[in-house]
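Starting from these lines, generate the structure:
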Amino acid sequence: MSISSLGIGSGIDLEGMVQMLMQVEARPLQMIANKNQSFQTKLSAYSMVQSAVANFQGTVRGLANISQYQRTTAGSTQPDLATISAGSTASNGSYNLSVSQLAQSQRLVAGGVASDKEEIGTGKFTITFGQITGGTFNEDTGLYQSTDTDDGPSNPSFVIAGAAAATITITNDNNSLIGIRDAINAAGIGVTATIVNDGTDKPFRLTLTNAATGEKSSMQIVVDGDRGLEDLLSYDPGTAQNMTQTAMARNAEFTLDGIRISKATNTVTDVLEGVTITLRGVSSDKASTTTLSVNRDTGAAARAVEELVKAYNDLNNTLKELTSFDPETRQASVLTGDSAVRSIQTAMRRVLSQSITGGIDGFRTLADVGVTMNKDGVLEIDSSRLNAAIDKDFNAFVAMFAEGGMSSNPAITFASAAGNTKTGSFEVEITQVATKGHYALEIDSGALDLSGTSDADRSMLITLNGVSRTITLSEKSYSESELATELQTQINNAFTGAGLNVTAEDGVLKLTSDAYGSATTINITPTGGMGDVLSNGTFTQGLDVAGTINGIVGVGSGQTLTGAANSETDGLKLTITGEESGIRGTVSFTKGYAYQFQMMADELLNENGTIRSHIDGMNRNIEQTQKEFATIEARIERTEKAYRRQFVALDVLLAKLNQQSAYLTTQLQAISGLWQTSSSKK
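Below you'll find the predicted structure:
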């Protein structure tokens with residue numbers, strides 16, 4: 001006999017009994033669910049703490065950067081004459097500027113041809129940049145010419161300035177004016193070639209304009225090719241001037257506070273530290289000046305402190321809300337009394353209670369600059385005291401908040417520091433200034449004939465810091481000046497952007513590294529016939545800066561002097577410029593409040609920090625309760641099945657008993673009926 005629904009057989013509500021039994025069995029699940037919900041709530045609260053500390057970290061990380069406080073404003077009374085911008089290293093000041101000449105680039109124009117597609121000639125030409133000296137320029141003819149002076153005739157000449165040049169090849173495929181124009185533009189040397197139609201019988205004229213300005217940006221064009229190519233392009237003020245000059249390369253000329261200054265460009269960045277002056281026009285007369293002003297934006301420093309105070313109060317308020325206790329309702333918050341929050345609050349108060357070492361008197365605590373804490377633990381700013389502190393000593397004020405160094409000498413610049421660099425004020429003494437390494441190669445006087453020689457006999461190997469390049473001279477005869485020009489051009493081209501500057505003067509080819517220090521190596525190895533002419537080369541190694549910081553010998557590398565290991569200045573890097581040795585002054589290194597708050601936040605948020613460890617702990621608790629819940633749930637399921645088996649058996653048994661009871665009842669009733677009938681017959 002089977003039971004399709006529990007209790008059908010017996011007529012008893014066995015299903016209800018099972019449900020009541022299972023409710024009792026399920027009580028531990030509710031306890032675990034409540035525990036899990038508590039863990040989830042705490043996890044959510046810890047995530048809020050983590051987010052609040054991360055927001056705080058982002059703010060203080062920016063405020064720990066000294067540039068946030070050292071912003072400047074700059075202006076010009078005549079922006080059509082000059083404009084000015086200033087960076088964080090600029091000093092306050094007002095300057096009178098008068099502009100007599102703007103920097104200009106050179107423009108050359110070739111003679112006209114009948115068609116821009118006609119063949120001109122093939123060969124090679126080299127464009128070199130430099131300065132035209134001597135002689136005079138005739139604006140009517142566009143040519144340089146010799147002139148008589150008290151010291152005798154002055155002849156125009158071209159002096160190479162060391163900028164990279166290019167050799168351009170013209171073949172039968174591009175030997176028209178259009179082809180030459182396109183080849184020059186494709187060379188990528190800053191020279192723009194265009195073709196102008198002037199409407200004459202031979203209207204097509206090639207113009208060359210150098211993008212670079214300054215008197216050392218003039219062009220020299222040496223042609224090695226057909227006569228037609230030479231007649232079109234050859235240009236050397238000292239020899240052949242087959243092109244005419246319509247715009248002269250010249251420097252910007254101006255006076256700043258009465259000091260005459262000449263610069264190659266109209267954008268001047270190296271006259272005042274941290275200041276860029278852009279020249280835009282020429283003064284109408286010598287007395288016409290514009291006033292340039294640079295002022296420290298003290299408002300930026302005040303705003304930075306306001307950001308720090310707001311960030312602190314926001315974090316503090318979040319922590320207070322998560323740990324508050326309502327005495328009237330006696331209701332606690334989710335993290336009331338939590339150890340993680342207490343440790344964060346303790347760390348915050350610890351930073352506030354510290355004074356800044358390395359600073360100066362009057363700038364050691366937040367209260368010194370008008371930042372105090374009220375009775376509710378909220379930071380407040382006294383703006384008058386804050387601004388007074390900024391005006392009193394701006395650098396000392398900044399040192400209270402940012403990480404950085406202050407130098408008493410502008411030729412000593414704080415570069416960086418390591419985590420173990422101690423705060424304090426350190427004397428700097430320089431015993432050796434840094435220099436640049438250079439290779440000097442004497443070019444013997446006389447011609448060098450390389451006609452009929454192989455490439456191997458016309459090659460030389462130049463090595464800069466382990467990187468080698470081979471250059472090969474042309475198969476021709478060179479004069480001393482031509483050889484110097486060719487070597488300078490090819491070496492500059494071979495090492496473009498590699499930090500090598502090549503100059504040629506008085507028969508000496510000089511290769512100078514752009515970098516300071518002893519790490520630079522330069523070598524030239526001539527081969528074949530050039531070895532006899534280029535054999536007197538010497539390398540002078542650059543020197544690293546040497547000196548002491550806080551009386552302990554530092555480690556020099558180029559212009560960088562680093563504090564000695566295991567000393568108070570370990571990891572402190574200073575950039576030393578200038579030519580003076582001896583005691584240069586002092587450098588003060590501080591780790592201000594914003595920096596210390598950043599370190600605090602970094603520690604709290606790292607993988608092993610307080611917040612992460614508590615979040616991980618909550619996740620482990622949640623995982624454990626989920627496992628417990630699943631285990632008990634499975635046990636309850638087994639228990640329910642057992643109960644149901646037992647009650648089903650009971651239901652079947654009771655059903656049988658009920659059937660037997662009904663049968664017996666029927667039989668007894670039948671017997672009783674027979675007995676009554678029998679009795680009535682008697």
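
quick one: the nearest residue to D391 once chain neighbours are set aside from I66, how far?
Using CB to CB, 6 or more residues apart in numbering and skipping the chain neighbours, the partner closest in space to D391 is T298 (7.2 Å). In this view, the C-beta of every residue, glycine as well, is placed from N, C-alpha and C. Computed as CB to CB, to the nearest Å, the T298 to I66 distance reads 15 Å.

Between these two, which is the more surrounded one?
The residue with more neighbours, out of T298 and I66, is I66; 22 against 17, by other CB atoms under 10 Å.

Looks like L605 contacts R612 (just checking).
Yes - if you go by CB atoms under 8 Å, L605 and R612 touch, sitting 6.9 Å apart.

hey, what's in contact with both of those two?
Here L605 and R612 share the contacting residues Q50, scored by CB atoms under 8 Å, 6 or more residues apart in numbering.

all strands of the stretch 201-350 of the chain, in order?
Using DSSP state E, counting those that start in this stretch, the strands of the stretch 201-350 of the chain run over residues 204-210, 218-225, 244-247, 252-256, 259-263, 267-268, 275-279, 290-296, 325-326, 331-332.

Packed most tightly, which of the ones you listed would that be?
Neighbour counts (mean count of other CB atoms under 10 Å) averaged over each of those peak at strand 218-225, with a mean of 22.

Give me the average confidence score over that one.
Mean pLDDT, computed over strand 218-225, is 93.

counting contacts, what elements does it pack onto?
Using 3 or more CB pairs under 8 Å, 6 or more residues apart in numbering; DSSP states H and E, the elements in contact with strand 218-225 are strand 123-133, strand 157-160, strand 204-210, helix 227-233.

Going by mean pLDDT, which of these comes out lowest?
If the helices and strands packed on strand 218-225 are sorted by mean pLDDT, strand 157-160 sits at the bottom with a mean of 83.

The very next helix or strand once past that one pairs with which strands, and in what direction?
Remark: after strand 157-160, the chain's next helix or strand is strand 166-170, criterion DSSP states H and E. Strand 166-170 has these partner strands in its sheet, going by DSSP bridges: strand 123-133 (antiparallel).

List the buried residues for the strand it pairs with?
Across strand 123-133, burial judged by 16 or more other CB atoms under 10 Å covers G123, F125, T126, I127, T128, F129, G130, I132, T133.

distance between stretch 505-512 and the chain's centre?
Mean-position distance between stretch 505-512 and its chain equals 37 Å (CA atoms, centre = their mean, to the nearest Å).

whoops, stretch 644-654 was the one
Centroid separation for stretch 644-654 versus its chain: 80 Å, with CA atoms, centre = their mean.

what mean pLDDT would you report for that stretch?
The predicted model assigns stretch 644-654 a mean pLDDT of 74.

Going by neighbour count, which residues of it are buried?
Within stretch 644-654, the residues scored as buried using 16+ other CB under 10 Å are R644, F647, V648, L650, D651, L654.

Can you pick out the ones from those residues that are in strands?
If you go by DSSP state E, the buried residues of stretch 644-654 have nothing in strands.

In JSON lines, list the residues you listed along with distance to Y593.
What follows is the buried residues of stretch 644-654, written out as JSON lines (distance: CB to CB, whole Å):
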{"residue": "R644", "distance to Y593": "69"}
{"residue": "F647", "distance to Y593": "73"}
{"residue": "V648", "distance to Y593": "75"}
{"residue": "L650", "distance to Y593": "78"}
{"residue": "D651", "distance to Y593": "78"}
{"residue": "L654", "distance to Y593": "82"}
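
so which of those residues comes closest to E427?
R644 (90.1 Å; CB to CB).

so what's that closest one closest to, chain neighbours aside?
V18 (6.2 Å).

Quick check: that neighbour is in a strand.
No - secondary structure of V18 (DSSP: H, G, I helix; E, B strand; the rest coil): helix, not part of a strand.

So for stretch 316-333, mean pLDDT?
The average of the pLDDT scores along stretch 316-333 is 85.

Identify each buried residue in that stretch, please.
N316, T318, L319, L322, T323, S333.

re the thing from before, wait, the residue nearest to R644 touches R645, no?
No - assessed by CB under 8 Å, V18 is found out of contact with R645, at 10.7 Å.

if I look at the residue nearest to R644, how far off is L292?
Computed as CB to CB, the V18 to L292 distance reads 94 Å.

Go through the strands of the stretch 201-350 of the chain and name the closest to S98.
With CB to CB as the measure, strand 252-256 is the member of the strands of the stretch 201-350 of the chain nearest S98 (4.9 Å).

Just want the angle from the closest one to strand 259-263.
Relative orientation of strand 252-256 versus strand 259-263 (axes from the mean of the first three to the mean of the last three CA atoms, to 10 degrees): 150 degrees.

Now do the helix or strand containing L561: distance to the chain's middle.
Using DSSP H and E, L561 sits in strand 560-562. Its chain's average C-alpha position is 21 Å from that of strand 560-562, according to CA atoms, centre = their mean.

in its sheet, what does it sit against?
Using DSSP bridges, strand 560-562 pairs in its sheet with strand 555-557 (antiparallel), strand 573-576 (antiparallel).

Give me the contacts around it.
With CB under 8 Å, 6+ apart as the test, strand 560-562 has contacts from 415, 428, 430, 545-547, 549, 554-556, 571-576.

Now tabulate the buried residues of strand 123-133 in TSV and tack on distance to L461.
Converted to TSV, the buried residues of strand 123-133 look like this (distance: CB to CB, whole Å):
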residue	distance to L461
G123	27
F125	26
T126	21
I127	25
T128	22
F129	25
G130	26
I132	33
T133	33
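
Which one of the residues you listed is nearest to L448?
Distances from L448 to the buried residues of strand 123-133, taken by CB to CB, are shortest for T126, at 16.9 Å.

State the distance from that closest one to Q490.
Per CB to CB, T126 is found 9 Å from Q490.

what's the top helix by length along the chain packed up against?
The longest helix of the chain (DSSP state H) is helix 610-681. Judged by 3+ CB pairs under 8 Å, 6+ apart, the packing partners of helix 610-681 are helix 14-25, helix 27-63, helix 339-353, helix 593-605.

Now do the longest one: which elements does it pack against?
Other elements packing on helix 27-63 under the criterion 3+ CB pairs under 8 Å, 6+ apart are helix 298-323, helix 339-353, helix 593-605, helix 610-681.

Next one: the closest residue to S477 other than its chain neighbours from L561, what distance?
Excluding the flanking residues, the one nearest S477 by CB to CB, 6+ apart is D449, at 4.3 Å. Going from D449 to L561 by CB to CB gives 51 Å.

what about the two, which has more around it?
Neighbours around D449 and L561, counted as other CB under 10 Å, are more numerous at L561. The numbers are 27 against 12.

Find the nearest non-adjacent residue to that one, please.
Excluding the flanking residues, the one nearest L561 by CB to CB, 6+ apart is G554, at 4.6 Å.

Could you pull up the contacting residues of that neighbour?
Neighbour list for G554: A546, G547, T548, L561, T562, G563, A564, T569 [criterion: CB under 8 Å, 6+ apart].

Got the phi and psi for the nearest residue to A300 once chain neighbours are set aside?
In space, and not counting its chain neighbours, A300 is closest to R71: 4.0 Å by CB to CB, 6+ apart. For R71, the backbone dihedrals are phi -80, psi 150 (criterion: degrees, to the nearest 10).
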